[in-house]
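*Asks:* Next one to model:
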Amino acid sequence: QALLAESGGGPVQAGGSLRLSCVDSGRTFSDNTVGWFRQSPGKEREFVAGITWTGDSPYYADSLKGRFTISRDNAKNTLYLQMNSLKAEDTAVYYCAATVPRARGVPSRRNDFPYWGQGTQVTVSS
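*Replies:* Numbers count the residues shown, from 1 in each chain. Next up, the predicted model:
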């Protein structure tokens with residue numbers, strides 16, 4: 001079972017960068033496809049990026065390609081999200097999430113991920 005905890009959020013000016021981290025204290029991190037979602041006030045939680053348990057297939061929401069980079073370090077049970085050229089519309093609570101072990105394909109729906117962290121707030125000021 002995945003036990004996820006995000007960190008690295010905070011205030012940042014537009015055009016700046018942040019790196020989010022998510023540590024999994026469960027026992028199957030290397031076998032889990034993991035991803036990032038975000039939720040702004042009044043909006044649905046949306047998929048940001050994912051990376052498969054094999055580690056060789058990162059994938060992104062089309063609107064965020066080129067600015068965000070997802071990566072994982074299985075030795076540290078840690079997932080990262082590097083966010084560059086941040087915009088005011090990137091302001092949201094960012095959540096990491098994990099699938100069941102050895103999930104197939106490239107899941108991106110909220111229901112594909114049964115395990116969630118508590119979220120970390122990112123606030124971009126223009």
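*Asks:* just to confirm, which helix or strand has the residue sitting nearest the centre point of the chain in it?
*Replies:* The residue lying closest to the centre of the chain (CA atoms, centre = their mean) is residue 36, at 2.0 Å. Assigned by DSSP states H and E, residue 36 falls within strand 32-39.
*Asks:* send the alpha carbons of the helix or strand just after that strand over as CSV?
*Replies:* Next in sequence after strand 32-39, counting helices and strands by DSSP H and E, comes strand 46-51. Taking C-alpha atoms only, strand 46-51 is exported to CSV below (Å, rounded to 0.1, in the frame of the first residue of the first chain):
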residue,chain,number,x,y,z
GLU,A,46,-7.1,17.4,-13.1
PHE,A,47,-4.3,15.2,-14.3
VAL,A,48,-0.9,16.8,-14.6
ALA,A,49,1.7,14.1,-15.3
GLY,A,50,2.4,10.4,-14.7
ILE,A,51,5.3,8.0,-14.9
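*Asks:* Strand 46-51 to strand 32-39, inter-axis angle?
*Replies:* Relative orientation of strand 46-51 and strand 32-39, computed by axes from the mean of the first three to the mean of the last three CA atoms, to 10 degrees: 160 degrees.
*Asks:* Each with direction, which strands does the helix or strand just after strand 46-51 pair with?
*Replies:* Using DSSP H and E, the helix or strand that follows strand 46-51 in sequence is strand 58-60. Taking DSSP bridges as the criterion, strand 58-60 forms sheet pairs with strand 46-51 (antiparallel).
*Asks:* Could you pull out the buried residues of the strand it pairs with?
*Replies:* Of all the residues in strand 46-51, those buried under the rule 16 or more other CB atoms under 10 Å are 47-51. To be clear about C-beta, it is placed using only N, CA and C from the backbone, and glycine gets the same treatment.
*Asks:* re the thing from before, show me the residues around the closest residue in space to the residue nearest to the centre of the chain that isn't next to it in sequence that make contact.
*Replies:* Leaving aside its chain neighbours, residue 36 sits nearest to residue 48 (4.2 Å; criterion: CB to CB, 6 or more residues apart in numbering). Residue 48 makes contact with 35-38, 60-61, 64, 68, 70, 81, 94, according to CB atoms under 8 Å, 6 or more residues apart in numbering.
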